[in-house]
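Asks: sequence-free structure coming up:
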Ligand code: TRP
Ligand code: SF4
């Protein structure tokens with residue numbers, strides 16, 4: 001385990017490091033997050049607005065010693081990454097996991113994910129890499145022979161790039177019994193109509209494909225089987241539907257739901273915000289009383305319009321809250337945390353009541369505690385759950401990287417060899433592919449000197465930023481500045497990139513060979529000898 005104490009999160013340094021201009025490649029169409037489609041993403045902003053993915057920049061300063069893919073904006077988005085960054089900073093347990101469908105050769109796009117797993121492992125995380133063979137067979141119709149061959153290639157590259165198999169775990173979906181048990185449990189909290197809504201499944205979808213989805217849900221939560229912990233799933237944004245469903249299922253498996261409350265009855269989130277702000281501002285003396293009571297707040301709300309209040313609230317919420325408060329009459333308004341019974345056994349419910357310190361009140365379906373913070377309550381609920389046979393899952397987090405532009409322009413696609421560089425490409429082929437790549441250059445050298453190149457639209461520049469510069473921000477910035485400043489011409493620039501690519505491939509493939517023996521000694525089979533036929537799908 002290594003931890004670099006040299007924390008450099010100064011905003012100006014980050015700005016300098018970001019040389020991609022924060023823009024994405026052109027020529028793509030609408031946003032559609034489809035894990036099995038061929039989605040291209042034209043506008044990363046839409047992912048924030050329409051899908052609620054958060055901008056990575058907002059957490060960057062919380063990350064100790066951020067990876068260059070983070071510094072350069074290649075990792076552009078996340079869901080709930082803060083708990084992972086905090087655990088990293090505080091030396092608390094956390095995990096990283098991602099999976100690979102063995103449908104073809106591993107290429108430089110997969111390298112981003114390999115690097116993300118390895119980096120989190122080096123920061124002290126429990127690391128997992130899995131081969132999604134069930135998915136490859138059921139959703140992509142790969143034969144087991146093909147799957148075995150590709151599985152081996154993915155694993156060798158992951159090891160060659162620095163994954164430590166002694167500290168981390170590698171597995172195949174198909175031979176992980178614990179994973180299958182977990183997937184069976186999770187499946188009991190998901191239903192088909194959700195799959196229709198999320199993935200567009202219909203009556204013609206083969207059942208094994210459904211099973212591969214619950215298996216992925218289990219993958220995502222698998223690192224928490226030992227103990228609940230923040231877990232990050234590094235993936236492309238096309239996998240976000242899976243992440244959202246896994247977060248939902250993790251919550252549905254919990255014994256207790258912890259919320260904040262102000263009285264014995266339930267409030268909606270909007271009503272609670274309203275009541276919370278009134279609890280802060282109203283003075284019981286104004287109602288000739290020592291305590292603030294529900295009926296006082298109801299009285300205050302009489303005839304009040306949304307504009308007159310400090311919180312953003314609509315008239316309907318005011319009126320529904322008022323009704324509830326009136327019904328509760330003289331009950332004092334008091335902040336508390338509430339444990340709602342979601343899946344708890346009777347024993348767990350009793351044990352929780354027992355474990356709560358300070359003033360508490362027990363109801364049929366919930367328990368109110370008056371002397372606990374929300375955080376302490378959340379932790380306690382998890383502890384009791386785990387002690388009584390529950391999983392106590394922490395909602396999994398994710399980070400999203402940009403898709404690389406193809407070397408021929410458009411999308412980088414496994415089915416167009418010239419568009420991507422496979423980690424297995426002959427180094428000479430790799431050199432040649434870079435040499436014949438499209439660029440963001442101008443029609444003539446004169447124009448290029450005059451106007452500068454368009455590095456933000458250049459697949460060759462992407463190679464520098466995503467891979468060829470490694471950790472060297474200075475170098476990436478130099479290429480960028482020289483390009484847009486007109487000092488760099490595409491011929492020489494491509495030659496330099498092509499040579500670096502050739503050297504990278506030579507080195508990587510040498511390391512892969514060195515890993516062959518290690519892989520054979522590991523507890524993961526690349527000779528499954530499974531039998532089967534191609535799946536059917538409408
Ligand atoms: N569905 C992923 C893909 O298409 C592979 C995958 C399976 C995965 N299980 C996972 C990715 C868990 C991340 C986490 O490539
Ligand atoms: Fe791309 Fe390099 Fe040409 Fe700039 S000089 S457009 S980075 S190939």
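Replies: Yep, that arrived. From a predicted model like this one, the values you see are computed outputs, not experimental measurements. Numbering: from 1, shown residues only. Ligands and ions are numbered 1, 2, ... in the order given.
Asks: Listing request: residues of the stretch 1-150 of the chain with sub-threshold pLDDT.
Replies: Scanning the stretch 1-150 of the chain for pLDDT under 70 picks out 1-32, 38-42.
Asks: So which bits of it are right by ligand 1?
Replies: With C-beta under 6 Å from any ligand atom as the criterion, the stretch 1-150 of the chain meets ligand 1 at residues 35, 97, 98, 99, 100, 101, 130, 132, 135. All C-beta spots, glycine's among them, are computed from the backbone N, C-alpha and C.
Asks: Also the chain?
Replies: Checking the chain against ligand 1 by C-beta under 6 Å from any ligand atom, the hits are 35, 97-101, 130, 132, 135, 216, 219-220, 233, 235, 239.
Asks: got the residues of the stretch 351-500 of the chain near ligand 2?
Replies: Going by C-beta under 6 Å from any ligand atom, the residues of the stretch 351-500 of the chain near ligand 2 are 439-441, 453-455, 458, 460-461, 483, 488, 490, 493-494.
Asks: In helices, which of those fall?
Replies: The helices, defined by DSSP state H, take in 460, 461, 483, 490, 493, 494 from those.
Asks: What residues does the third one make contact with?
Replies: By that I understand residue 483. 440, 452, 453, 455, 458, 461, 493 (C-beta atoms under 8 Å, 6 or more residues apart in numbering).
Asks: so the third one touches residue 443, yeah?
Replies: It refers to residue 453. No - with contact defined as C-beta atoms under 8 Å, residue 453 does not reach residue 443; the gap is 11.5 Å.
Asks: quick one: which of the two has more around it?
Replies: More crowded of residue 453 and residue 443, by other C-beta atoms under 10 Å: residue 453, with 27 against 7.
Asks: Can you name the residues that contact the more buried one?
Replies: Here residue 453 is in contact with 439, 440, 441, 442, 483, 484, 486, 488, 490, 493 (C-beta under 8 Å, 6+ apart).
Asks: Closest one of those to residue 49?
Replies: residue 440 (27.2 Å; C-beta to C-beta).
Asks: Need the three-state assignment for the residue most central in space within the chain.
Replies: In the chain, the centroid-proximal residue (C-alpha atoms, centre = their mean) is residue 398; its distance is 1.1 Å. On the three-state scheme (DSSP: H, G, I helix; E, B strand; the rest coil), residue 398 is labelled strand.
Asks: if I pick it, what's in contact with it?
Replies: Contacts of residue 398 (C-beta under 8 Å, 6+ apart): 78, 79, 80, 81, 232, 233, 234, 235, 239, 240, 243.
Asks: again, only using 10 Å
Replies: 53, 77-81, 84, 98, 220, 231-235, 237, 239-240, 242-244, 246-247 (C-beta atoms under 10 Å, 6 or more residues apart in numbering).
Asks: Please apply the same query to residue 379.
Replies: So residue 379 contacts 258, 372, 373, 392 (C-beta under 10 Å, 6+ apart).
Asks: ok, it to residue 392 distance?
Replies: 10 Å (C-beta to C-beta, to the nearest Å).
Asks: Surely residue 486 is in a strand?
Replies: No - Residue 486 is assigned coil when assessed by three-state DSSP, not a strand.
Asks: element containing residue 171, please.
Replies: strand 169-172 (DSSP states H and E).
Asks: now that strand: how far from the chain's centre is it?
Replies: Its chain's C-alpha centre and that of strand 169-172 lie 19 Å apart, by C-alpha atoms, centre = their mean, to the nearest Å.
Asks: Assign the closest residue to residue 116 other than its chain neighbours to helix, strand or coil.
Replies: In this structure, residue 116 finds its nearest non-sequential neighbour in residue 234, 3.7 Å apart by C-beta to C-beta, 6 or more residues apart in numbering. Residue 234 carries the three-state label strand when classified by three-state DSSP.
Asks: now residue 99
Replies: strand.
Asks: Just to check, it is in contact with residue 239?
Replies: Yes - Residue 99 lies in contact with residue 239 (C-beta atoms under 10 Å); the separation is 9.1 Å.
Asks: Which residues are in contact with each of those two?
Replies: Common neighbours of residue 99 and residue 239 (C-beta under 10 Å, 6+ apart) are 216, 220, 233.
Asks: which residues touch the closest residue to the second one other than its chain neighbours?
Replies: By that I understand residue 220. Using C-beta to C-beta, 6+ apart and skipping residues adjacent in sequence, the residue nearest residue 220 is residue 246, 4.1 Å away. When contacts are counted by C-beta under 10 Å, 6+ apart, residue 246 is found next to 186, 216-221, 231, 233, 239, 393, 395-396, 398.
Asks: Select from those residues the one having the most neighbours.
Replies: residue 231 (30 neighbours).
Asks: so what's that residue bridging to?
Replies: Beta-bridge partners for residue 231, by DSSP bridges, are residue 95.
Asks: Do I have it right that it meets residue 79?
Replies: No - the pair residue 231 and residue 79 fails to qualify as a contact (C-beta under 10 Å) at a distance of 11.5 Å.
Asks: so what sits against both of these two?
Replies: In contact with both residue 231 and residue 79: 395, 396, 397, 398, using C-beta under 10 Å, 6+ apart.
Asks: pLDDT score for the second one?
Replies: According to the prediction, residue 396 has pLDDT 98.
Asks: Could you check how far it is from residue 247?
Replies: 6 Å.
Asks: One more: the first one?
Replies: Note on residue 395: its distance to residue 247, by C-beta to C-beta, is 5 Å.
Asks: ok, what's across the strand from the residue in the stretch 1-150 of the chain that ligand 1 sits nearest to?
Replies: The nearest approach of the stretch 1-150 of the chain to ligand 1 comes at residue 99, 2.8 Å away (C-beta to the nearest ligand atom). Applying DSSP bridges to residue 99 gives these bridge partners: residue 130.
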